[in-house]
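**Student:** missing the sequence, but the structure's below:
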């Protein structure tokens, strides 16, 4: 029987940065802290320049010929790099698929709870898988399940849009919602148009030629 491997208690080897005395190249192309090119100088001279400025000599391009070093505050540089990495990690959200399960006989309270969960998932940038589970003979009521999923999609239309319409898979019916990218613009069903009463004045009828002639005869007599 082979001997049991012993636990390695040694600390893991940390990769140390190439700064100051850890730089092993003799000829270096050095850039000053303000971006000024100091040209190609030897390692000891570059270390003296960095020491006079109370800064560090940092190797920034090892593959160049000769290697490029920069004089800088390495502690401040490392802090800024870590800060940028954290901000980039916060912005790069990995989209996940969160599931909301229910029965087609769900009551209003439980339905509102599922809606709340879905809204929270969508606001976090995740997709939502809405699943209606059938048990026993409930599989005969797929139409009711589809109606429920359509209702859920309508209630969530401000936060989500349908990625996959309700579809039966085995003993379940599923629907996928994805966060809405563009805001929803609702159109008013009834456009209110102001109505104004128009007053019409009827003018008296104009007398005809026969009436004028008879009136003239009456006046002459």
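**Tutor:** Received the coordinates, thanks. None of the values given here were measured: they were computed from a predicted structure.

**Student:** rest of the way, CA atoms for contacts and neighbours
**Tutor:** Will do.

**Student:** what about residue 45, which SS state?
**Tutor:** Using DSSP: H, G, I helix; E, B strand; the rest coil, the structure places residue 45 in helix.

**Student:** Check this structure for its longest strand and report it.
**Tutor:** For the chain, the longest strand by residue count, based on DSSP state E, is strand 160-169.

**Student:** in it, what counts as buried?
**Tutor:** Burial within strand 160-169, assessed by neighbour count using 16 or more other CA atoms under 10 Å, is assigned to 160, 161, 162, 166, 167, 168.

**Student:** any chance of the residues you listed in CSV, with pLDDT too?
**Tutor:** Below are the buried residues of strand 160-169 laid out as CSV (pLDDT from 0 to 100):
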residue, pLDDT
160, 92
161, 91
162, 92
166, 93
167, 92
168, 91
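
**Student:** what would those residues look like in a markdown table with distance to residue 111?
**Tutor:** Formatted as a markdown table, these follow (distance: CA to CA, whole Å):
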| residue | distance to residue 111 |
| --- | --- |
| 160 | 17 |
| 161 | 19 |
| 162 | 18 |
| 166 | 17 |
| 167 | 20 |
| 168 | 20 |
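
**Student:** mind checking pLDDT for residue 120?
**Tutor:** With respect to pLDDT, residue 120 scores 92.

**Student:** Find the residue at the geometric middle of the chain.
**Tutor:** Taking CA atoms, centre = their mean, the centroid of the chain lies closest to residue 125, which sits 5.4 Å from it.

**Student:** Listing partners with orientation, what would you give for the longest strand of the chain?
**Tutor:** Strand 160-169 sits in its sheet next to strand 172-179 (antiparallel), going by DSSP bridges.

**Student:** how about the longest helix along the chain: buried residues?
**Tutor:** Across the chain, the helix with the greatest residue count (assigned by DSSP state H) is helix 74-91. The neighbour-count check on helix 74-91 (16+ other CA under 10 Å) flags residue 74 as buried.

**Student:** So which elements touch that helix?
**Tutor:** Of the remaining helices and strands, none touches helix 74-91 by 3 or more CA pairs under 8 Å, 6 or more residues apart in numbering; DSSP states H and E.

**Student:** Next secondary structure element downstream of it?
**Tutor:** Under the assignment DSSP states H and E, the closest C-terminal helix or strand after helix 74-91 is strand 97-102.

**Student:** what is the mean pLDDT for that next one?
**Tutor:** Strand 97-102 shows a mean pLDDT of 92.

**Student:** Could you list the residues in contact with it?
**Tutor:** Under the criterion CA atoms under 8 Å, 6 or more residues apart in numbering, residues 114, 117, 118, 121, 126, 127, 128, 129, 130, 131, 132, 133 lie in contact with strand 97-102.

**Student:** Out of these, which end up buried?
**Tutor:** Using 16+ other CA under 10 Å, the buried members of the contacts of strand 97-102 are 114, 118, 121, 126, 127, 128, 129, 130, 131, 132, 133.

**Student:** Alright, that wraps it up for me.
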